[in-house]
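[1] got a structure for you, letters missing:
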């Protein structure tokens with residue numbers, strides 16, 4: 001069980017890194033890459049969906065962190 005949760009934890013962590021890097025910072029990110037550079041930051045449908053997906057993966061990451069901590073207790 002611990003091994004499965006640990007592997008899932010690493011996979012979710014890598015996905016979280018990718019999702020965070022896709023977010024737009026100061027005029028960059030996924031929206032500019034896909035041709036939405038003229039739109040306001042965070043107002044495109046793609047950016048809103050990216051925000052939602054990132055929040056879901058962050059919640060999964062937090063739950064897995066707590067679960068791993070509980071599984072490691074003696």
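    Arrived safely. Just so you know, these numbers come straight off a predicted model, no measurement behind them.
[2] the bottom helix or strand of the protein by mean pLDDT?
    None of the helices or strands of the chain scores lower by mean pLDDT, DSSP states H and E than helix 30-33, at a mean of 58.
[3] packing partners for the helix or strand just after it?
    Tracing the chain C-terminally past helix 30-33 and defining elements by DSSP states H and E, one meets helix 45-71 next. With contacts taken as 3 or more C-beta pairs under 8 Å, 6 or more residues apart in numbering; DSSP states H and E, helix 45-71 sits against helix 2-22, helix 30-33. From N, CA and C alone the C-beta is placed, and that goes for glycine too.
[4] residue 47 is in contact with residue 24, isn't it?
    Yes - look at residue 47 against residue 24 with C-beta atoms under 8 Å: they come within range, at 6.6 Å.
[5] quick revisit: for the helices and strands packed on helix 45-71, which one ends up most surrounded?
    Mean neighbour counts were taken over the helices and strands packed on helix 45-71 using mean count of other C-beta atoms under 10 Å, and the top value, a mean of 17, falls to helix 30-33.
[6] hang on, the earlier thing: what about the helices and strands packed on helix 45-71, which gets the closest to residue 70?
    Minimum separation from residue 70 across the helices and strands packed on helix 45-71 (C-beta to C-beta) falls at helix 2-22, 10.0 Å.
[7] contacts for that closest one, please.
    With C-beta atoms under 8 Å, 6 or more residues apart in numbering as the test, helix 2-22 has contacts from 29-30, 50, 53-54, 57-58, 60-61, 64-65, 67-68, 71-72.
[8] with stretch 49-62 instead?
    So stretch 49-62 is contacted by 9, 12, 13, 15, 16, 19, 20, 22, 23, 30, 42 (C-beta under 8 Å, 6+ apart).
[9] need the max-distance pair from the residues you listed.
    The widest separation within the contacts of stretch 49-62 (C-beta to C-beta) is 28.6 Å, between 9 and 42.
[10] got any ranges where this structure has weak pLDDT?
    Along the chain, the model assigns pLDDT under 70 to residues 26-43.
[11] how far is stretch 62-74 from where the chain is centred?
    Distance, stretch centre to chain centre, for stretch 62-74: 20 Å (C-alpha atoms, centre = their mean, to the nearest Å).
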